[in-house]
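*Asks:* predicted coordinates and the sequence they were generated for:
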Amino acid sequence: VRDSFGATHAQWQRTVALLESRQRIIGLPDNLRVRYLSGLLFALGIAESQADEDSALQRAERLDRMGVALYPMNTDQLRAMYYAHQGDGLRYQQYRERSEQRAIQQGAIWQNETWALLVQTIVSHRHHDAMAAKRAAEQLHTASKTVPTLGVFADRSRGIYLLLRERQAEALPWLARCMNEPVRFNFGWGRAHGALARAYNDLGRYTEAAAACERVLSVFTPSDLAFPGLMLLTECEQIVARAGLGDHASARQALARLIEKHAPNAGPLTMAELHEAGMRIALLAGDAAAAREHCAGMTKWYKKTRISSLVQRCELLSTRLERALRPAALVSLPTLPSQRAANITRSVGLQWTSELSAEQRTSHALAVLVEDAGCERGYYFSVQTDGGFVQRAAYGQAPLDAALRPWLEQRVAAALRDHTITTTFNDVPEPPS
């Protein structure tokens, strides 16, 4: 397949049509014709299980009726993959266990375990299940000692686990290896670039995120992108990177096209992932109303799945969103030129990683703001519940001028009343000469 799902799927469909026809194929007896047909139907089902339509279930039902040896196990695999990408955790687990039982009965344990590990890496990422990703990474690492070709998948799985744990800087060495792989190197090559781009975006490294996505999307065709279980991640990270670089209008338009494309199939994971991307884009653009709207959409779709890790993610991101939109912020990003906004959001991106301490993150963000404004000094304060404030960081040598304290107290009081004050770089009073 070599990650050429569009062209390969179309070729398989043509071959199925030939095998189903009455056209005689020289040297192919009927018993082998049926076996080849069933193999292709299974392969088509594997690809289609990563799309938001039920054709994979139809393939499974047809294989059941054909009754070809080994395919009772494979039809359970198809159903497990389909329900995993639909966010139906109960049915995914049910059919995965049935597949394991049939594998034991038919002496195909190794094949089933290898399949399960490769699937689990993608599924755990879409389900935001860090523990499942960790198990898959460890088991793939062990399996790669016997089957070296699994090593690349073990590396990707390790990177996905670290990404889910929000240890983006640690994930980069594992995820960045895809940039040295040939185009369409193997199954999941395109998605691996999407995971790498997510790490870069979370760290505020938008140019590198955009480059990772462009490497894939410049060669993939619309038919390759018809499988959101594999490719939606890369598309979403590309438009988030675009927003991070200041092109908010283009990012919004691209997101709207993706939502329009996928809305008819109503895949819960697909729609939730699109709204999560929309929330991130809105935050980068400083659009609080749009951010809250997309957060509500994400929550609606994720909660439909009843997967605990996704429900918890909704709560986490909702809390983070409200924290980011608190009116105490002294700078309104939408009023800034795009390059300055990009500089500031890069510093905010550092807060999504545990690599720096809280004090280091605060000092770094303050330094970016002050240097971007062309100022010589700046100060960061945290507001206390009693109306007071405490200085947490300073940039420059001079202490805060006493003349600025009344101005600061006014804004603190407004923040505690939940009033938003937009402060430009020119309305701060000049200290007395």
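*Replies:* Nice, I can see it.

*Asks:* I figured A137 was touching L163, is that so?
*Replies:* No: taking contacts as Cβ atoms under 8 Å, A137 lies outside contact range of L163: 11.2 Å. All C-beta atoms are positioned from the backbone trio N, CA, C, and that covers glycine.

*Asks:* convert stretch 141-159 to CSV, retaining C-alpha atoms only.
*Replies:* Output of stretch 141-159 as CSV, limited to C-alpha atoms (Å, rounded to 0.1, in the frame of the first residue of the first chain):
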residue,chain,number,x,y,z
HIS,A,141,9.3,-2.2,20.7
THR,A,142,9.4,-5.8,21.9
ALA,A,143,8.0,-7.1,18.7
SER,A,144,10.5,-5.1,16.6
LYS,A,145,13.4,-7.1,18.1
THR,A,146,11.9,-10.1,16.2
VAL,A,147,10.5,-8.3,13.2
PRO,A,148,12.9,-5.3,12.5
THR,A,149,10.4,-3.7,10.0
LEU,A,150,8.2,-2.9,13.0
GLY,A,151,10.9,-0.6,14.4
VAL,A,152,9.6,2.5,12.5
PHE,A,153,6.1,1.9,13.9
ALA,A,154,7.5,1.4,17.4
ASP,A,155,9.3,4.8,17.1
ARG,A,156,6.1,6.5,16.0
SER,A,157,4.1,4.9,18.7
ARG,A,158,6.6,6.1,21.3
GLY,A,159,6.3,9.7,19.9
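
*Asks:* buried residues, it. List them.
*Replies:* H141, A143, S144, L150, V152, F153, A154, D155, R156, S157, R158, G159 (16 or more other Cβ atoms under 10 Å).

*Asks:* quick one, what contacts the last one?
*Replies:* Pointing back at G159 there. A171, L172, P173, W174, L175, A195, L196, A199 (Cβ atoms under 8 Å, 6 or more residues apart in numbering).

*Asks:* now for the buried residues of stretch 141-159: which two are most distant?
*Replies:* By the measure Cβ to Cβ, A143 and G159 form the most distant pair in those, at 16.9 Å.

*Asks:* for stretch 26-41, output the C-alpha coordinates as CSV.
*Replies:* Output of stretch 26-41 as CSV, limited to C-alpha atoms (Å, rounded to 0.1, in the frame of the first residue of the first chain):
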residue,chain,number,x,y,z
ILE,A,26,-6.6,-17.8,-17.8
GLY,A,27,-4.9,-20.0,-15.2
LEU,A,28,-7.2,-18.9,-12.3
PRO,A,29,-9.4,-21.7,-11.1
ASP,A,30,-12.7,-20.9,-9.3
ASN,A,31,-11.5,-21.8,-5.9
LEU,A,32,-8.6,-19.4,-6.1
ARG,A,33,-10.8,-16.8,-7.7
VAL,A,34,-13.0,-16.8,-4.6
ARG,A,35,-10.0,-16.6,-2.2
TYR,A,36,-8.5,-13.7,-4.1
LEU,A,37,-11.8,-11.9,-4.1
SER,A,38,-12.2,-12.4,-0.4
GLY,A,39,-8.7,-11.1,0.2
LEU,A,40,-9.4,-7.9,-1.8
LEU,A,41,-12.7,-7.4,0.0
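
*Asks:* now do it, average pLDDT.
*Replies:* The pLDDT scores in stretch 26-41 average 87.

*Asks:* ok so, going back, pick the one among the contacts of G159 closest to Q13.
*Replies:* A195 (29.2 Å).

*Asks:* which element, helix or strand, includes that closest one?
*Replies:* helix 189-202 (DSSP states H and E).

*Asks:* check which helices and strands that helix sits against.
*Replies:* Helices and strands touching helix 189-202, by 3 or more Cβ pairs under 8 Å, 6 or more residues apart in numbering; DSSP states H and E, are helix 151-164, helix 168-175, helix 206-217, helix 228-244.

*Asks:* which one of the ones you listed is the most hemmed in?
*Replies:* For the helices and strands packed on helix 189-202, the largest average neighbour count (mean count of other Cβ atoms under 10 Å) is found in helix 228-244, namely a mean of 25.

*Asks:* coming back round to it: distance between the helix holding A195 and the chain's centre?
*Replies:* Averaging C-alpha positions (Cα atoms, centre = their mean, to the nearest Å) puts helix 189-202 8 Å from its chain's average.

*Asks:* just want the angle from that helix to helix 228-244.
*Replies:* 30 degrees (axes from the mean of the first three to the mean of the last three Cα atoms, to 10 degrees).

*Asks:* many thanks, I have nothing further to ask.
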